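Colleague: below are the sequence and a predicted model; questions follow.
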Amino acid sequence: MRTADTSKMTFSKIDPGVGLKKALGMTPDKIIGLVSDSGLKGRGGAGFPTDLKWKLAANVEDDLKYVVCNADEGEPGTFKDRVILTSFSDLMFDGMTIGARAIGAAKGIVYLRGEYTYLRSFLENKLSKRRRDGLLGRNIMDTEGFDFDITIRMGAGAYICGEETALIESLEGQRGEPRNRPPFPVNTGFMGHPTIVNNVETFTWISCIATKGAKWFNDIGTEKSTGLKLFSVSGDCKKHGVFEFPMGITLKELLEKVEGTDAKAVQVGGASGRCVPARDFDRTLAYEDIPTGGSIIVIGQNRDMLLVAKNFMEFFVDESCGQCTPCREGNVKLLEGIDLLLQGQCSMHYLRELCSLGESMQMASKCGLGQTSPNAFLSIVENFKDEIMGRTESV
Amino acid sequence: MLVSEREQLRANIERQIQDYGNNRSALIPVLQEVQLKYGHVSEYVMQVVADILNIHPVEIYGVASFYSFIGHKQKGRFIIRLCRTISCDMQGKDRVARQLENDLGIRFGETTPDGNFTLEWANCLGMCDQGPAMLVNERIYTQVTPDSVHDILEECRKVFGVHTLQEKEMLCELPTQAK
Ligand code: SF4
Ligand code: FES
């Protein structure tokens, strides 16, 4: 079987409802304390401490607060959320409910990417069942005064809506253009109300932490990157699929597990991530070393790195929201540069200019998309210069 | 469109906006329902929605044109979206693309003259472990090979072709949001 098997994941050993029950027996402060002790950081890739986000939202006074689950995974090479949504959605909903209790929210929204529309009715049925079972609605699990419900809203095919402020814009019926920050969604989120936006996987780990305790989670991983993480593995390796590993695993160890050890490079973090050459395979996957939302694309010996870079740049040209100049124009320039390289017509001087353009984009772009879109290009130029310069064959 | 059809459409949209709380945040779900039902969001629909929400139609156009799953042009009954990003690329999406073009007789971005199929590129569909992947309307196909393309197209023509046609022609009620 090529696809990794979900029965090996921690999630399949956790019974839904147990963590929620425990959490509802605690005060909101205690819940946030638990998350804080676990050291959990955002599993979407940015790595913001979850407890801090929750604490900020909890501290704002407002009658209406929102819990938003970001199910808009669109990073090329990422599909772990799809597996959670299909196999472990109750744990995810439990996690959202725990979040609601912690910050005092009455409403939850799952922002599901348009590409996953086929999962919608399945998830709606799950929600209906939760309402019947008293896991949503009024006085959840007989907790006096705790009312919470979840609705599903669909994305419409825009990668940028994975960025939390763009996601909120989209929920409000606007173009999905990222906002300036501050203010942050924890203060003025959906419809101006305090809102926490967390990734599907983050909410699911919350349920596990509530079930098994903060110490269990904190003992795994590294000091700065605690716990377990799901990785979406594709590309030139024998085993594809979603794998669970402790944070801080080296690329080398990971490649052994997925049988892809003769790789030339690994693209970590999808199109917005970076390309790690074989000589750096002893680096670790952790927030303090190579951070990632979990996309691992194994690149075999016979792949043309320039074509890999081109595929990523085409993606960004397509997905840039066009709001700010460095990103809107810069990605197009980098793509043109790749075409010049492919034709063997790029001088070293011009390549350097392109690299400094990339660095400017990293600094001057308004949101994460433009700040990260040059990463793959820059790391491929840095590590595979020999392969990309002075080409004679036209492709 | 007949006058009565237009009235019905307007009534449906009005009710839907109510269901979503009668404010701007209803906009995208409503456009999505219209897209699902009619295959596109026409200028008439944009005007109706603008009217009800009391905003300028240009705003609606701005939103509709931002999202790749909402379109203002009539497309085929089946919209085929083949993933072009890296993992599917590495698993041979180019050959699948070529075969789709051959079997349909159109290029990417085009619609067959009989109005049945539109061919488009998509970015990562979240099926990278089982590429090449493609969506046909909302249905996902994985590990597509050049020689399976023909069968998939036939399946569209036969199995759920009828269903989609009915939905479109009945102009029935728009489904409401699950409570
Ligand atoms: S960096 Fe790109 S995606 Fe982000 S706001 Fe600017 S143009 Fe839009
Ligand atoms: S790259 Fe094609 S589904 Fe992800």
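Modeller: The structure has been received and is ready for your questions. Quantities reported herein were computed from a predicted structural model and do not represent experimental measurements. Residues are numbered from 1 along each chain as shown, chains lettered A, B, ... in the order given. Ligands and ions are numbered 1, 2, ... in the order given.

Colleague: assign residue B:82 to helix, strand or coil.
Modeller: strand (DSSP: H, G, I helix; E, B strand; the rest coil).

Colleague: give me the pLDDT value at it.
Modeller: pLDDT, the model's per-residue confidence, is 98 for residue B:82.

Colleague: skipping adjacent residues, who's closest to it in space?
Modeller: What sits nearest to residue B:82 in space, not counting adjacent residues and going by Cβ to Cβ, 6 or more residues apart in numbering or on different chains, is residue B:134, at 4.4 Å. All C-beta spots, glycine's among them, are computed from the backbone N, C-alpha and C.

Colleague: tell me the contacts of that neighbour?
Modeller: For residue B:134, the contacting residues are B:80, B:81, B:82, B:83, B:96, B:122, B:125, B:140, B:141, B:144, by Cβ atoms under 8 Å, 6 or more residues apart in numbering or on different chains.

Colleague: same question for residue A:147.
Modeller: Shown in contact with residue A:147 (Cβ under 8 Å, 6+ apart): A:106, A:137, A:138, A:139, A:140.

Colleague: list only those of the residues you listed flagged as buried.
Modeller: Using 16 or more other Cβ atoms under 10 Å in any protein chain shown as the burial test, the contacts of residue A:147 include residue A:140 as buried.

Colleague: residue A:37: which of the contacts of residue A:147 is nearest?
Modeller: Taking Cβ to Cβ as the measure, residue A:140 is the one of the contacts of residue A:147 closest to residue A:37, at 23.9 Å.

Colleague: show me the contacts for the closest one.
Modeller: Contact partners of residue A:140, counting by Cβ under 8 Å, 6+ apart, are A:24, A:97, A:134, A:146, A:147, A:148.

Colleague: between which two of the contacts of residue B:134 is the distance greatest?
Modeller: Across the contacts of residue B:134, the two members that end up farthest from each other (Cβ to Cβ) are B:96 and B:140, 14.1 Å apart.

Colleague: residue A:175 is in contact with residue B:62, correct?
Modeller: Yes. Here residue B:62 reaches residue A:175: they are 5.9 Å apart, a contact under Cβ atoms under 8 Å.

Colleague: quick one, which of those two is more surrounded?
Modeller: A count of neighbours by other Cβ atoms under 10 Å in any protein chain shown puts residue A:175 above the other of residue B:62 and residue A:175, at 20 against 12.

Colleague: from residue A:320, how far out is the spatially closest residue to that one that is not a sequence neighbour?
Modeller: In space, residue A:175 comes closest to residue B:66 once its chain neighbours are excluded; the distance is 4.2 Å by Cβ to Cβ, 6+ apart. Distance from residue B:66 to residue A:320, counting by Cβ to Cβ, to the nearest Å: 12 Å.

Colleague: ends of stretch A:275-290, how far apart?
Modeller: Length of stretch A:275-290, first residue to last, Cα to Cα, to the nearest Å: 10 Å.

Colleague: that stretch and chain B, any residue contact?
Modeller: No. Figure legend: stretch A:275-290 not in contact with chain B (Cβ under 8 Å from any Cβ of the partner chain); closest approach 10.9 Å.

Colleague: list of residues touching that stretch?
Modeller: Residues lying outside stretch A:275-290 but in contact with it, judged by Cβ under 8 Å, 6+ apart, are A:41, A:47, A:221-222, A:224-225, A:229, A:231, A:245, A:247-252, A:254-255, A:263-269, A:274, A:292, A:299, A:305, A:308, A:376, A:379-380, A:383-384.

Colleague: up against ligand 2, what does chain A have?
Modeller: If contacts are counted using Cβ under 6 Å from any ligand atom, the residues of chain A sitting beside ligand 2 are residue A:76.

Colleague: near ligand 1, which residues of chain A show up?
Modeller: Along chain A, the residues adjacent to ligand 1 under the rule Cβ under 6 Å from any ligand atom are A:160, A:178, A:320-324, A:327-328, A:365-367, A:369-370.

Colleague: which residues in the chain form strands?
Modeller: Because you didn't say which chain, this covers chain A. Chain-ordered strands for chain A, with DSSP state E as the definition, fall at A:66-71, A:107-112, A:149-154, A:195-199, A:228-235, A:241-246, A:265-268, A:274-277, A:295-299.

Colleague: chain B is the one I meant
Modeller: Under the criterion DSSP E, chain B contains strands at B:78-83, B:117-122, B:134-136, B:139-141.
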